[in-house]
Every structure is written in structure tokens, then in C-alpha cells.
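Enquirer: sequence below, structure please.
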Amino acid sequence: MGKHGGFREFNRKNPGYEPVEKRVKGFFEFMVPLSKEEIETQAARCMDCGTPFCHPNCPVHNIAPDFNDHVYRGEWEEALKSLLSTNSFPEFTGRVCPALCESGCVLGLINEAVSIKNIELSIIEHAYQEGWMSPKPPKKRSGKTVAVIGSGPAGLAVADQLNKAGHRVTVYEKDNRVGGLLRYGIPDFKLDKKVIDRRVKLMEDEGIFFVTNSHVGVNVKVANLREEFDAIVLTGGSTVPRDLPIPGRDAKGVHFAMEFLKQNNKRVAGDAISPEEEIHAKGKHVLVIGGGDTGSDCVGTSIRHGAASVTQIELLPKPPESRTDKTPWPSHPGPKMLSTSTSQEEGCEREWSVLSKEFVKDANGNLSGVRHVKINWISDTKFEEVPGSESLYKADLAFLAMGFLYADPKGMLEELGVEKDERGNVKTDDNYRTSAEGVFSAGDMRRGQSLVVWAISEGRECAREVDKFLRGGESRLESKNKPFGNLA
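Expert: Residues are numbered from 1 along each chain as shown. Below you'll find the model as predicted:
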């Protein structure tokens with residue numbers, strides 16, 4: 001695949017970024033893309049490696065060697081067909097996926113991995129520019145109807161695939177715009193919301209119905225959906241955040257990360273924010289508790305607000321800068337290997353092995369600082385405080401970015417009576433079926449907090465099982481291990 005010996009001839013070249021001083025002035029994407037010719041050269045680096053570990057490393061099983069070869073040869077439309085055969089939304093994953101595929105790139109053992117993620121993004125963006133991403137509604141309808149609850153990446157993937165199979169799909173979204181996590185959990189500087197709108201318009205033109213401001217179990221009755229639809233798919237995500245119940249938790253200025261990020265995304269979209277509810281970091285000292293992607297998004301957003309200072313702390317120890325015996329190739333090391341996001345590069349103090357002890361309040365109940373202590377990790381699960389290391393972070397705002405526990409157990413899930421697993425997620429069998437007849441679940445609501453690419457993978461696989469259920473037999477949708485067949 002690619003040019004014979006191309007990996008020896010060409011070095012990896014990454015896209016550039018707008019200068020920090022420019023990009024922090026607004027909420028816009030700041031990547032400077034490579035030219036078409038440069039991307040074709042990067043695709044030439046793909047090796048004829050025999051066993052492409054990039055393929056199984058990818059949750060949607062993208063056939064990267066195949067589309068890389070097409071791009072190298074200038075066959076961009078063929079590359080698009082290969083990419084879309086496994087990935088419903090490469091314009092999303094090409095922006096926000098941590099590139100699990102590249103962790104398994106064989107070239108990465110001796111050199112820098114092939115830039116698969118950037119090639120993927122270049123293919124789909126080129127396709128939109130060329131007009132290849134036109135509506136392709138199914139030629140025949142099955143007469144079956146499906147309600148998809150939640151319009152995040154899993155819900156969109158389920159809807160897209162079931163619509164391709166000929167079923168009538170209606171997607172219910174509790175917020176005023178479609179997108180779920182993509183819309184409200186990821187800042188515009190990482191994913192411009194016009195990218196979501198472009199795809200949703202295409203899906204609408206292909207026959208999918210979207211109903212916003214419709215909170216199932218609140219202002220939409222579950223019983224009505226049961227009567228109206230032949231199947232229901234739950235893709236509402238993992239929405240209950242992990243809290244930090246230490247003294248002073250009620251201080252004004254302590255917020256869950258998603259409260260801050262969602263409000264800011266609404267502000268950028270032009271929605272009105274009431275002064276009483278506004279969370280803004282301008283001129284404030286910000287402490288982000290949690291070292292993951294959500295915490296990083298809080299960092300980038302606070303910097304763009306004009307925060308006086310931003311500090312991000314993590315309970316776990318600082319990870320190593322390279323692979324260890326705990327992160328062997330071709331596994332994706334994730335948080336077990338040190339990485340620095342573009343937001344963190346923009347101006348953020350980072351500290352590890354920090355235990356928060358108390359939110360300190362002033363006389364008016366406002367947050368003024370966070371008392372903390374350094375810790376030593378004795379094992380993977382046990383730590384001890386370092387004597388004499390207690391100190392105080394000056395903080396006017398603290399954002400809790402420590403992940404999510406499970407989906408909201410009340411309302412819709414309560415009414416449906418679906419069983420939950422030991423972690424509180426919606427329990428399904430291997431075929432994505434819940435304990436309620438005709439009700440399926442996929443994405444974070446089923447597997448727990450995870451990546452966008454895993455949500456898309458789950459949505460596609462779940463759609464196949466729903467299709468089998470509706471047809472009373474075999475599905476017309478192939479599994480993720482194979483490209484999709486003819487859906488005409």
C-alpha cells in the first residue's frame with residue numbers, strides 16, 4: 001500500500017496551527033491544513049506491512065491502508081468510498097479522535113506513524129468541497145419505524161445506518177440543537193458546529209427526522225413512543241458527573257465542567273445566557289480538577305475568556321513520556337503516557353499527584369481558593385499524603401472534570417424499567433438489546449464514558465441488530481469487520 005519505500009523517502013508532516021496569540025482571541029478552528037499534494041505524499045508513507053494493526057486498533061475498523069493507497073494515487077473518490085464503508089462521520093473523528101489507529105501503525109515502531117487521522121479528515125473535507133457528499137436516500141422503505149433517543153455520535157450513527165437500511169427514523173433531542181456531546185461537550189475551536197449542521201442537513205435530506213426540545217420522560221411520554229414506533233434505541237450518553245464532596249463544595253464558583261462548556265457553546269451559538277447563571281472566567285483565577293480531555297477543554301475555554309491564570313491538577317501521578325511495559329505496542333496508551341493538548345500549550349500550569357481537600361469560601365460564600373496536599377502513590381490503587389505539603393491554590397472558579405458515572409437513572413429509564421449493570425449503565429445483551437422488548441441501547445449510555453469513535457462504532461453495530469429485529473432475520477447491514485454491502 002502506498003509508494004514502495006515511501007516510508008523511507010518521506011518524513012511525517014503534520015498540519016500547522018494558527019499562532020497562540022491569534023487563536024486564543026476566538027472560538028474558531030485553528031488548524032492550518034496541508035495541501036492536497038502534501039496529503040498525497042503523506043499517504044505514500046503507508047507500508048505494505050502485511051498485518052495492518054491500524055485496522056483492528058480502530059473501533060470502527062477503518063481500512064486505513066486501503067484509503068491511504070487511493071489518496072497516494074490521487075484516487076480521492078475511491079478513498080472516500082473506502083472510508084465511508086466503515087466510518088459514518090469521519091469529519092468528527094478526523095477532528096476529535098485520539099487516533100488509536102496511529103498507535104498501531106507498524107511504521108511507528110521505527111519512525112513516526114503514518115498520519116492516518118489527518119488523511120481521513122482531508123478525504124472527507126475534500127469530498128464536501130467536490131460535492132460528493134450529496135443526499136442518498138434509500139430507494140425502498142421497509143415500513144418500520146424507529147425512535148432514537150439522543151442525538152450524540154452514537155444516536156446519529158444509529159439513525160444514519162437504520163435510515164440507509166430503509167427504516168423511518170426519528171431522533172429525539174432534549175436540547176434546542178442536534179449533536180449531543182458533539183454540540184455541547186466539545187468547544188468550537190476543536191469542532192466548529194457548522195460541521196455538525198452540514199452533516200445533519202444531509203441526514204435530513206436523506207429522510208431522517210430530528211425533533212429538538214424533546215426530553216423523553218419529561219415532556220415526551222415514553223408510552224407514546226412505545227405505541228408509535230416499532231423499536232426504540234437509547235443513546236442518551238453518560239450524563240451524571242463524578243462529584244467532589246469535600247468541605248466547601250457549596251461555594252459559589254465551583255461547577256461541573258459540562259456546565260461551563262455547554263453554556264459557552266450556547267453563547268458562541270448566539271443563545272442568550274442569563275446574568276444570574278453566567279459562568280465566565282474573564283479576570284479570574286481558574287482551577288481545573290481533572291487532567292483529561294474535558295479538563296483540557298475547560299483550560300482552552302478559560303484562556304479564551306481571558307482568565308487571570310489557569311491551573312490544571314490531576315490526582316494520578318505524572319505519566320511517562322514514552323511507552324512502558326504497561327503500554328506495549330500496538331495498544332493505545334491513552335492517559336498512561338504523557339501528552340500535551342493544544343489548549344494546555346496555550347498557557348496552563350499542570351500538576352500531578354494532587355489531592356483536593358477543601359473549597360475555601362470568602363465571607364460572601366464565593367470560592368477564594370482550594371486547599372490541597374501532594375500525595376505519593378504506593379500502588380496503582382493506594383496513595384499516602386506527603387507530610388508538610390499542604391497548600392492553597394488561589395481560585396475564583398473551580399471546574400470538576402473528573403468524568404461521568406452513568407446515565408440519568410430517573411425519568412425515561414425509570415419508565416422503561418430497563419435493567420442496569422453493576423456500574424449503573426443500561427444493561428444489554430451482546431446484541432445491544434435491553435431487558436425491555438424492542439428497546440436497544442448503544443454508546444456511553446450502555447458502555448459508560450468513552451470516546452466519540454467508540455460511540456460511532458457502537459451506533460453502527462447496534463443499528464445492525466435493530467435491523468435484524470425489525471426484519472425478523474438477517475440484517476442488510478454488515479458488521480464493522482467488513483465494508484457495508486449494497487443497501488439499494
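
Enquirer: OK, contacts around the spatially closest residue to P33 that is not a sequence neighbour?
Expert: The shortest distance from P33 to any residue other than its chain neighbours is 5.2 Å, reached at P15 (C-beta to C-beta, 6 or more residues apart in numbering). Every residue, glycine included, has its C-beta placed from N, CA and C. By C-beta atoms under 8 Å, 6 or more residues apart in numbering, the contact list for P15 reads 31-34, 118.

Enquirer: where does P15 land on pLDDT?
Expert: The predicted local distance difference test score for P15 is 97.

Enquirer: again, but for K361
Expert: Looking at K361, its pLDDT stands at 98.

Enquirer: that one against P247, yeah?
Expert: No: under the contact definition of C-beta atoms under 8 Å, K361 does not touch P247, with a separation of 9.5 Å.

Enquirer: compare those two (neighbour count), which wins?
Expert: Neighbours were tallied for K361 and for P247 using other C-beta atoms under 10 Å; the higher tally belongs to K361 (18 against 12).

Enquirer: that one and R371, how far apart?
Expert: Taking C-beta to C-beta, to the nearest Å as the measure, K361 falls 11 Å from R371.

Enquirer: quick one: contacts for the closest residue in space to S450 that isn't next to it in sequence?
Expert: Once its chain neighbours are removed from consideration, S450 has its nearest residue in D444; the separation is 5.7 Å (C-beta to C-beta, 6+ apart). The contact partners of D444, taken as C-beta under 8 Å, 6+ apart, are 152, 154, 181, 237-238, 404, 407, 450, 455.

Enquirer: make JSON lines out of those and add pLDDT.
Expert: Formatted as JSON lines, the entries for the contacts of D444 read as follows, by pLDDT from 0 to 100:
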{"residue": "G152", "pLDDT": "98"}
{"residue": "A154", "pLDDT": "98"}
{"residue": "L181", "pLDDT": "95"}
{"residue": "G237", "pLDDT": "97"}
{"residue": "S238", "pLDDT": "97"}
{"residue": "F404", "pLDDT": "96"}
{"residue": "A407", "pLDDT": "96"}
{"residue": "S450", "pLDDT": "96"}
{"residue": "A455", "pLDDT": "98"}
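
Enquirer: any chance of those in JSON lines, with distance to P137 and secondary structure too?
Expert: Below are the contacts of D444 laid out as JSON lines (distance: C-beta to C-beta, whole Å; DSSP: H, G, I helix; E, B strand; the rest coil):
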{"residue": "G152", "distance to P137": "23", "secondary structure": "coil"}
{"residue": "A154", "distance to P137": "22", "secondary structure": "helix"}
{"residue": "L181", "distance to P137": "27", "secondary structure": "helix"}
{"residue": "G237", "distance to P137": "28", "secondary structure": "coil"}
{"residue": "S238", "distance to P137": "32", "secondary structure": "coil"}
{"residue": "F404", "distance to P137": "35", "secondary structure": "strand"}
{"residue": "A407", "distance to P137": "32", "secondary structure": "coil"}
{"residue": "S450", "distance to P137": "31", "secondary structure": "coil"}
{"residue": "A455", "distance to P137": "24", "secondary structure": "helix"}
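
Enquirer: farthest-separated two in those residues?
Expert: A154 and F404 (14.2 Å; C-beta to C-beta).

Enquirer: quick revisit: top of the contacts of D444 by number of neighbours, please.
Expert: That'd be A154 among the contacts of D444, by other C-beta under 10 Å, with 35 neighbours.

Enquirer: the longest strand seen in the chain pairs with which strands, parallel or anti?
Expert: Ranked by residue count and defined by DSSP state E, the top strand of the chain is strand 367-377. Strand 367-377 has the following strand partners under DSSP bridges: strand 354-361 (antiparallel), strand 383-385 (antiparallel), strand 391-394 (antiparallel).

Enquirer: highest average neighbour count across the ones you listed?
Expert: Compared across the strands paired with strand 367-377, strand 354-361 shows the largest average neighbour count, a mean of 19 (mean count of other C-beta atoms under 10 Å).

Enquirer: what does it rub up against?
Expert: Strand 354-361 is touched from outside by 244, 246-249, 251-252, 254, 289, 313-315, 367-375, 383, 385, 390, 392, 398, with contacts defined as C-beta under 8 Å, 6+ apart.

Enquirer: now do stretch 262-276
Expert: Contact partners of stretch 262-276, identified using C-beta under 8 Å, 6+ apart, comprise 27, 176-177, 183-188, 193, 277-279, 301.

Enquirer: F92: which of those residues is nearest?
Expert: Ranking the contacts of stretch 262-276 by separation from F92, with C-beta to C-beta as the measure, puts I186 on top at 9.0 Å.

Enquirer: can you tell me the SS state at the closest one?
Expert: Classification of I186 using DSSP: H, G, I helix; E, B strand; the rest coil returns coil.

Enquirer: how about it: what's its closest non-neighbour residue?
Expert: Distance criterion C-beta to C-beta, 6+ apart; nearest residue to I186, sequence neighbours excluded, is V96 at 6.0 Å.
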